[in-house]
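> Give me a model of this one.
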Amino acid sequence: MMDVGDDEKDIGRNINVAKSPSTDVDERKLPIEMDRLMPPNPADGTPGEADSMTGGSASYGSTLTIGADASETNLLRIDLERKFSRHTGEERVTWDNRAQFVLSLIGYAVGLGNVWRFPYLTQKNGGGAFLIPYAVMLAIEGIPLFFLELAIGQRLRKGAIGAWNEVSPYLGGLGICSAIVSFYLALYYNTIMSWCLVYLFQSFQSPLPWAACPHTFGDNDSYVIEPECEKSSPPSYFWYRSTLNTAPTIESIPEFNWKIALGLLMAWVIVFLCILKGIQTTGKVVYVTATFPYLVLVAFFFRGITLEGFDRGLEHLFVPEWHRLLDPAVWLDAATQIFYSFGLAFGCLIALASYNPVRSDFLRDTLVVTVCDFLTSIFTAVVVFCVLGFKATMHYKDCLSSHGLDNTTDPHTLDVNHTCNFKKIIEESGSGTGLAFIAFTEAINQFPLAPIWAVLFFLMLMTLGLDSMFGTLEGAITSLNDLMLFPRARKEVVCGSVCLFCLVVSMSFATSTGPYVFALFDSFSANIPLLVVGFMECVAISYVYGLKQISEDIELMLGKRPSYFWLISWRYVMPLAVLVIFVSSLIEIFSEGIVYEAWDADKGIPVVLPWPWWCRLLAAALILSSILWIPGVALARRLGYVPLADETPAFFPTDELREEHSITPHKDTQFERVVLGFRE
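Now for the predicted structure:
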């Protein structure tokens, strides 16, 4: 990576002073033409063409108006807070304030996974015992990689593709891999928002459409309850049949679902309008989208603790099954959830941090956001298990009644093999999408003023999804701009084109087999690629860019060097943890096979089926379509082909920051040279 600290030395002599005709000294202004910031010619170190002070020189930036008494140092400080595009020389927008950036990070990290994925994994892996490995993986995996990606974005001032291509031309494929994974995620993630929209619009009626089974004409013109609904439940029937119209298998002939198609259209229009001006608009929207879910969760919490059986749900959440700590699958689930929970390796954190001022304290932001996300997961699990405890209690009582048992029977005294086992009931209350669209809707049916609670709940899911979409698409679009595929296109046009293309492709989810296509994307498009990207990021920084260089960069931005904890985590702990997770994932896939849940309309329950051979090929294609870019770009470079143009370093005030923080040359210790690999 090149230093461009010498460039800003020329700023002072590139200031044109023009006094106002006004005689009032206080009204005199100093127009500063920000057109002299082109870096020196990398070939010979001579100033670029913009250094010529001719009247006809092109302007590469806006004109700022500063008071006449402003010192050159103050003018320089104003300039240093700006980011300049290496393609056009124009000023690039930055976050208006730190609150916008932090809220955007929180909104991106805290998403739909916190509402159903984390609670489901908690109940699946022994309740409170799952929180221990999750906290451990948070410390050794989540926080270090989160901090690293913010540091890379803020220092290199580019998206994932541009940043890793600047670290090394052989690593350009790493950014492309992240961008493709972000694109896949955006495709099926916005489908969840379309489901939320369908439910939201149907929540404005009383009674709710999923409150009771519909009736249909039977034999002899009799009016009977729909058999499929009677075998399952009203919420399950509304989800699988009325909303998704789920086909028996993925190999069934698909039927177009116009409700989901309209939901997808609205969802992509909403996303486009929110990201239309980049962070200029998303920075404002996050004030609502990042805070509203917390208001709804608090309301659900206070309502949840008044429900009958909420204490049984919390008992299931917090009373650990200690023997589960010895199960490797529990640690594997905890480590994988970290990537989804914090949005690691998608390239989105790098893109969001690239809009930061160079002095932003991203270490503080890292600790605030990661701790906030962890506590949000715990709080969300509390809310969910209050509701699940209520739902399971109602089913438990119905089960006892149907078997002629006393409703006051203590569930702890029943035999574990008994039909009415409370633990079994609550474990089967729902998972994945079913947890939000079946378990919660069934619980909402029992609430007073149920439509109001339904509207609040699905608005909350909408805002959670929208927040995550901001970061996901920002990472993909920023990377697309780095590729310079459309150098003359306005960002609004690029955003619109990306959203339109995603809308067309996502129509594959708007069919009767769409839920299975969704499951295919959810299971294979991100899991393994994220592990590979996370591993390669740590290797790239530790062994290519160099821990010494990243330490000096962080010292320039924060005024202090990173502790050995971060350096050891990046060089040893994080790669080893990810490698173990990756190998364990492959072993699990090959030993247990890959299956999916299909809806059996005759039985009224989901059943597990193996993926057909062509779906396995598609799954492999989803994985390889992103991962192969990493070795592909490196191999192309090795053979002399240049798939990505060499990066011009973005403007970074090295000398000024070194002087401002009074940074003196660091003398490497023996530990740093031997253990951390510091080199001259």
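> For the stretch 51-200 of the chain, give me the ranges with low pLDDT.
Where the stretch 51-200 of the chain drops to pLDDT under 70, the residues are 51-96, 116.
> Which stretches in this structure count as strands?
Taking DSSP state E, the strands of the chain run over residues 29-33, 63-67, 83-84, 91-92, 215-217, 223-225, 595-600, 605-610.
> Give the partner strands of the last one in its sheet and their orientations.
What it means is strand 605-610. Using DSSP bridges, strand 605-610 pairs in its sheet with strand 595-600 (antiparallel).
> pLDDT (mean, whole number) over the partner strand?
In this model, strand 595-600 has a mean pLDDT of 88.
> Could you list the buried residues of that strand?
Within strand 595-600, the residues scored as buried using 16 or more other Cβ atoms under 10 Å are 596-600. C-beta: built from backbone N, CA, C; applies to glycine.
> Quick check: the closest residue to residue 232 other than its chain neighbours vs residue 176, distance?
What sits nearest to residue 232 in space, not counting adjacent residues and going by Cβ to Cβ, 6 or more residues apart in numbering, is residue 604, at 3.5 Å. Distance from residue 604 to residue 176, counting by Cβ to Cβ, to the nearest Å: 45 Å.
> Check what contacts stretch 362-378 and list those residues.
98, 101-102, 105-106, 109-110, 114, 118, 131, 134-135, 138, 142-143, 146-147, 150-151, 154, 294, 341-342, 353, 356, 557-558 (Cβ atoms under 8 Å, 6 or more residues apart in numbering).
> which of these are buried?
By neighbour count, with 16+ other Cβ under 10 Å, the contacts of stretch 362-378 hold 101-102, 105-106, 109-110, 114, 118, 131, 134, 138, 142-143, 146-147, 150-151, 154, 294, 341-342, 353, 356, 557-558 as buried.
> if I pick residue 216, what's in contact with it?
223-226.
> Kindly reformat those as TSV containing neighbour count.
Below are those laid out as TSV (neighbours: other Cβ atoms under 10 Å):
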residue	neighbour count
223	8
224	12
225	15
226	17
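> Residue 383 is in contact with residue 313, correct?
No. In this structure residue 313 lies outside contact range of residue 383 using Cβ atoms under 8 Å: 9.8 Å.
> Tabulate the buried residues of strand 595-600 in TSV, adding columns for distance to residue 334.
Shown next, in TSV, are the buried residues of strand 595-600 (distance: Cβ to Cβ, whole Å):
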residue	distance to residue 334
596	23
597	23
598	28
599	30
600	32
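> Among the contacts of residue 216, which one lies nearest to residue 521?
Distances from residue 521 to those, taken as Cβ to Cβ, are shortest for residue 226 (30.6 Å).
> Next, the contact list for the closest one, please.
213-216, 237.
> shaky segments in this structure?
Ranges of the chain meeting pLDDT under 70: 1-96, 116, 218-221, 277-287, 289-290, 406-419, 428-434, 471, 475, 478-487.
> if you count what's nearby, which of residue 313 and residue 383 comes out ahead?
It is residue 313, of residue 313 and residue 383, that has more neighbours when counted by other Cβ atoms under 10 Å, with 27 against 24.
> isn't residue 104 right next to residue 351, touching?
No. Look at residue 104 against residue 351 with Cβ under 8 Å: they stay out of range, at 10.6 Å.
> Between the two, tell me which one has more neighbours.
The neighbour comparison of residue 104 against residue 351 (other Cβ under 10 Å) goes to residue 351, with 33 against 27.
> Helices of the stretch 51-200 of the chain, start to end?
Counting by DSSP state H, counting those that start in this stretch, residue ranges of the helices within the stretch 51-200 of the chain are 72-80, 98-109, 112, 118-124, 131-137, 143-156, 160-167, 172-201.
> between those helices, which one is nearest to residue 541?
Closest to residue 541 of these is helix 143-156 (Cβ to Cβ; 6.3 Å).
> quick one: the closest one to chain centroid distance?
How far helix 143-156 lies from its chain's middle: 15 Å, per Cα atoms, centre = their mean, to the nearest Å.
> One more: stretch 594-610?
That offset, for stretch 594-610, works out to 29 Å (Cα atoms, centre = their mean).
> Just the endpoints, please. Distance across that stretch?
6 Å (Cα to Cα, to the nearest Å).
> Report how many residues lie close to residue 323.
When neighbours are defined as other Cβ under 10 Å, residue 323 has 9 of them.
> what's near enough to touch it?
residue 126.
> Equivalent analysis for residue 452, please.
Counting by Cβ under 8 Å, 6+ apart, there are no residues that residue 452 touches.
> Same check on residue 523?
By Cβ under 8 Å, 6+ apart, residue 523 lies in contact with 594, 596, 619.
> Need the residues you listed in TSV (columns: distance to residue 543).
Listed next are those as TSV, based on distance: Cβ to Cβ, whole Å:
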residue	distance to residue 543
594	34
596	39
619	31
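> so which of the residues you listed would you say is closest to residue 162?
Closest to residue 162, out of all of those and judged by Cβ to Cβ, is residue 619, at 30.2 Å.
> quick one on the thing from earlier: residue 604 and residue 176: which is more packed in?
The neighbour count for residue 604 versus residue 176, taken as other Cβ under 10 Å, is higher for residue 176 (25 against 18).
> so that one touches residue 161, yeah?
Yes. Using Cβ under 8 Å, residue 176 makes contact with residue 161 at a distance of 5.8 Å.
> For residue 427, list the residues it contacts.
Applying Cβ under 8 Å, 6+ apart to residue 427 gives the contacts 123-124.
> Geometrically speaking, which residue is the centre of this structure?
residue 343 (3.6 Å; Cα atoms, centre = their mean).
> Look up how far residue 350 lies from it.
Relative to residue 350, and taking Cβ to Cβ, residue 343 is found at 11 Å.
> Only C-alpha atoms, please: export stretch 314-325 in PDB.
Written as PDB, here are the backbone C-alpha positions of stretch 314-325 (Å, rounded to 0.1, in the frame of the first residue of the first chain):
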ATOM      1  CA  LEU A 314     -37.600 -18.400  30.500                       C
ATOM      2  CA  GLU A 315     -36.700 -21.500  32.500                       C
ATOM      3  CA  HIS A 316     -36.200 -23.400  29.200                       C
ATOM      4  CA  LEU A 317     -34.000 -20.500  28.000                       C
ATOM      5  CA  PHE A 318     -31.700 -20.000  31.000                       C
ATOM      6  CA  VAL A 319     -31.500 -23.300  32.700                       C
ATOM      7  CA  PRO A 320     -28.500 -24.900  30.900                       C
ATOM      8  CA  GLU A 321     -28.000 -28.500  29.900                       C
ATOM      9  CA  TRP A 322     -24.300 -28.600  30.900                       C
ATOM     10  CA  HIS A 323     -23.500 -31.800  29.000                       C
ATOM     11  CA  ARG A 324     -24.200 -30.000  25.800                       C
ATOM     12  CA  LEU A 325     -21.000 -28.000  26.200                       C
END
